[in-house]
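Chemist: here is my input, please return the structure:
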Amino acid sequence: MRNENKIDNLDITSINSIKEISKHKWNSFVKLESPLFDFDFLESMEKSECTSRKHGWEPNHIIISEGSDLLCIIPNFVKFNSNGEFVFDHSWAQAYYQIGLEYYPKLLSAIPFTPINGKRLFFNKKYEFKEYVACLKDFIVKKEFSSFHLNFVEKNQSDNLAEHDFFQRLGI
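Modeler: Presented below is the predicted three-dimensional model:
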(Lines give C-alpha, C1' and ligand atoms only; values in the text may rest on other atoms or scores of the structure.)
Protein backbone atom coordinates (compact mmCIF):
# COMPACT_ATOMS: atom_id res chain seq x y z
CA MET A 1 0.00 0.00 0.00
CA ARG A 2 1.43 3.36 -0.96
CA ASN A 3 0.65 6.78 0.50
CA GLU A 4 1.71 9.65 -1.73
CA ASN A 5 2.32 13.40 -1.49
CA LYS A 6 4.05 15.71 -3.95
CA ILE A 7 6.30 18.69 -3.40
CA ASP A 8 7.43 20.32 -6.63
CA ASN A 9 8.88 17.59 -8.84
CA LEU A 10 9.59 15.12 -6.02
CA ASP A 11 7.21 12.30 -5.09
CA ILE A 12 7.24 11.03 -1.53
CA THR A 13 5.55 7.84 -0.48
CA SER A 14 5.69 5.27 2.28
CA ILE A 15 5.76 1.54 1.77
CA ASN A 16 4.40 -0.92 4.33
CA SER A 17 6.85 -3.70 3.49
CA ILE A 18 10.43 -3.73 2.33
CA LYS A 19 9.28 -6.19 -0.35
CA GLU A 20 7.58 -3.27 -2.15
CA ILE A 21 11.01 -2.17 -3.41
CA SER A 22 13.64 -4.25 -5.13
CA LYS A 23 16.47 -5.62 -3.02
CA HIS A 24 19.01 -4.15 -5.44
CA LYS A 25 17.52 -0.63 -5.24
CA TRP A 26 17.26 -0.71 -1.44
CA ASN A 27 20.78 -2.00 -0.88
CA SER A 28 22.28 0.39 -3.45
CA PHE A 29 21.13 3.25 -1.19
CA VAL A 30 21.88 1.93 2.27
CA LYS A 31 25.07 0.29 0.97
CA LEU A 32 27.03 -1.08 3.89
CA GLU A 33 26.08 1.68 6.31
CA SER A 34 24.85 -0.98 8.69
CA PRO A 35 24.07 -4.65 8.11
CA LEU A 36 20.95 -3.93 10.20
CA PHE A 37 19.52 -1.80 7.37
CA ASP A 38 20.31 -4.47 4.77
CA PHE A 39 17.28 -5.62 2.75
CA ASP A 40 17.61 -9.27 3.83
CA PHE A 41 17.82 -8.36 7.51
CA LEU A 42 14.78 -6.08 7.41
CA GLU A 43 12.86 -8.62 5.34
CA SER A 44 13.62 -11.30 7.95
CA MET A 45 12.38 -8.94 10.68
CA GLU A 46 9.10 -8.63 8.77
CA LYS A 47 8.79 -12.37 8.09
CA SER A 48 9.33 -13.19 11.76
CA GLU A 49 6.87 -10.43 12.71
CA CYS A 50 9.44 -8.69 14.91
CA THR A 51 8.59 -5.60 12.90
CA SER A 52 4.82 -5.73 12.83
CA ARG A 53 1.91 -3.79 14.25
CA LYS A 54 1.55 -6.57 16.85
CA HIS A 55 5.00 -5.71 18.26
CA GLY A 56 4.71 -1.95 17.82
CA TRP A 57 7.11 -1.67 14.85
CA GLU A 58 4.99 -1.46 11.68
CA PRO A 59 7.20 -0.95 8.58
CA ASN A 60 6.49 2.39 6.89
CA HIS A 61 9.66 3.13 4.93
CA ILE A 62 9.74 6.55 3.29
CA ILE A 63 10.75 6.76 -0.36
CA ILE A 64 11.45 9.95 -2.33
CA SER A 65 11.60 9.72 -6.11
CA GLU A 66 11.37 11.78 -9.26
CA GLY A 67 9.42 9.89 -11.87
CA SER A 68 10.90 6.39 -11.92
CA ASP A 69 14.22 7.55 -10.37
CA LEU A 70 14.64 6.62 -6.71
CA LEU A 71 16.37 9.50 -4.89
CA CYS A 72 16.08 8.87 -1.16
CA ILE A 73 15.22 6.10 1.31
CA ILE A 74 14.40 6.67 4.98
CA PRO A 75 13.97 3.39 6.86
CA ASN A 76 10.96 4.12 9.03
CA PHE A 77 8.31 2.56 11.24
CA VAL A 78 4.94 3.48 12.67
CA LYS A 79 5.33 2.97 16.41
CA PHE A 80 2.43 2.00 18.66
CA ASN A 81 4.57 1.99 21.82
CA SER A 82 8.09 3.04 22.79
CA ASN A 83 9.41 -0.48 23.35
CA GLY A 84 12.75 -1.41 21.82
CA GLU A 85 13.86 2.15 21.04
CA PHE A 86 16.44 2.69 23.81
CA VAL A 87 15.09 6.24 24.09
CA PHE A 88 12.61 6.59 26.88
CA ASP A 89 9.82 8.96 25.93
CA HIS A 90 7.16 7.54 28.21
CA SER A 91 6.89 10.94 29.94
CA TRP A 92 5.98 12.49 26.56
CA ALA A 93 3.30 9.86 26.05
CA GLN A 94 1.97 10.55 29.56
CA ALA A 95 1.95 14.33 28.94
CA TYR A 96 -0.05 13.81 25.73
CA TYR A 97 -2.49 11.58 27.60
CA GLN A 98 -2.93 14.15 30.40
CA ILE A 99 -3.95 16.86 27.94
CA GLY A 100 -6.28 14.54 26.05
CA LEU A 101 -4.10 13.82 23.01
CA GLU A 102 -2.81 10.57 21.52
CA TYR A 103 0.96 10.16 21.38
CA TYR A 104 0.81 6.86 19.53
CA PRO A 105 1.09 6.11 16.73
CA LYS A 106 4.23 8.09 15.98
CA LEU A 107 6.82 7.79 13.20
CA LEU A 108 10.33 6.55 13.93
CA SER A 109 13.41 6.15 11.79
CA ALA A 110 15.69 3.78 13.68
CA ILE A 111 17.19 0.33 13.62
CA PRO A 112 14.62 -1.84 15.40
CA PHE A 113 15.59 -2.88 18.93
CA THR A 114 19.13 -1.55 18.46
CA PRO A 115 20.82 1.64 19.78
CA ILE A 116 23.38 2.03 16.98
CA ASN A 117 24.32 5.44 15.58
CA GLY A 118 24.31 6.02 11.85
CA LYS A 119 22.62 7.63 8.90
CA ARG A 120 18.85 7.62 8.70
CA LEU A 121 18.43 9.44 5.39
CA PHE A 122 20.06 7.68 2.44
CA PHE A 123 20.01 9.79 -0.71
CA ASN A 124 21.80 10.51 -3.93
CA LYS A 125 23.39 13.88 -4.64
CA LYS A 126 20.94 14.95 -7.36
CA TYR A 127 19.38 17.38 -4.87
CA GLU A 128 20.67 19.03 -1.75
CA PHE A 129 19.90 17.65 1.69
CA LYS A 130 17.58 20.61 2.38
CA GLU A 131 15.35 19.68 -0.57
CA TYR A 132 14.88 16.14 0.71
CA VAL A 133 14.19 17.52 4.20
CA ALA A 134 11.58 19.97 2.85
CA CYS A 135 9.83 17.10 1.11
CA LEU A 136 10.02 14.99 4.28
CA LYS A 137 8.62 17.79 6.46
CA ASP A 138 5.66 18.25 4.12
CA PHE A 139 5.01 14.51 4.22
CA ILE A 140 5.14 14.37 8.03
CA VAL A 141 2.74 17.29 8.47
CA LYS A 142 0.21 15.78 6.07
CA LYS A 143 0.33 12.41 7.84
CA GLU A 144 -0.83 14.00 11.12
CA PHE A 145 1.18 11.76 13.45
CA SER A 146 2.01 13.14 16.88
CA SER A 147 5.70 13.23 16.04
CA PHE A 148 8.55 11.96 13.88
CA HIS A 149 11.78 10.74 15.48
CA LEU A 150 15.17 9.76 14.11
CA ASN A 151 16.85 7.80 16.89
CA PHE A 152 20.60 7.48 17.10
CA VAL A 153 21.11 9.50 13.91
CA GLU A 154 24.72 10.36 13.11
CA LYS A 155 25.86 13.81 14.27
CA ASN A 156 26.23 15.29 10.77
CA GLN A 157 22.66 14.41 9.77
CA SER A 158 21.36 15.45 13.20
CA ASP A 159 23.04 18.86 12.90
CA ASN A 160 21.74 19.30 9.35
CA LEU A 161 18.21 18.43 10.48
CA ALA A 162 18.49 20.94 13.35
CA GLU A 163 19.37 23.63 10.79
CA HIS A 164 16.01 22.82 9.12
CA ASP A 165 13.88 23.26 12.25
CA PHE A 166 14.00 19.70 13.59
CA PHE A 167 14.52 19.52 17.35
CA GLN A 168 17.65 17.82 18.53
CA ARG A 169 17.57 15.61 21.61
CA LEU A 170 20.96 14.95 23.14
CA GLY A 171 21.58 12.33 25.79
CA ILE A 172 24.20 10.17 27.37
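Chemist: only C-alpha atoms from now on, for both contacts and neighbour counts.
Modeler: OK.
Chemist: and the gap between E102 and S109?
Modeler: E102 sits at a distance of 19 Å from S109 (criterion: CA to CA, to the nearest Å).
Chemist: who's more crowded, those two?
Modeler: When E102 and S109 are compared on other CA atoms under 10 Å, the one with more neighbours turns out to be S109, at 24 against 15.
Chemist: run through the residues that contact the nearest residue to that one once chain neighbours are set aside.
Modeler: Using CA to CA, 6 or more residues apart in numbering and skipping the chain neighbours, the partner closest in space to S109 is N76 (4.2 Å). Listed by CA atoms under 8 Å, 6 or more residues apart in numbering, the contact partners of N76 are P59, N60, H61, I62, L107, L108, S109, A110.
Chemist: show me where the protein has strands.
Modeler: Listed in chain order, the strands found in the chain under DSSP state E are 2-7, 10-15, 57-59, 61-66, 69-74, 77-79, 106-109, 122-123, 148-150.
Chemist: and the nearest residue to W92 once chain neighbours are set aside, what's its pLDDT?
Modeler: For W92, the nearest residue in space outside its immediate sequence neighbours is Y103; the separation is 7.6 Å by CA to CA, 6+ apart. Looking at Y103, its pLDDT reads 94.
Chemist: relative to K23, how far out is Y103?
Modeler: Per CA to CA, Y103 is found 33 Å from K23.
Chemist: what about those two, which has more around it?
Modeler: Neighbour tally, Y103 and K23, criterion other CA under 10 Å: the higher count belongs to Y103, 19 against 14.
Chemist: so who does the more buried one touch?
Modeler: Residues counted as contacts of Y103 (CA under 8 Å, 6+ apart) are W92, A93, Y96, Y97, S146, S147.
Chemist: for this structure, where's the lowest mean pLDDT among helices and strands?
Modeler: Using mean pLDDT, DSSP states H and E, the weakest-scoring helix or strand in the chain turns out to be strand 2-7, at a mean of 48.
Chemist: circling back: how much space between the residue nearest to S109 and D89?
Modeler: 18 Å.
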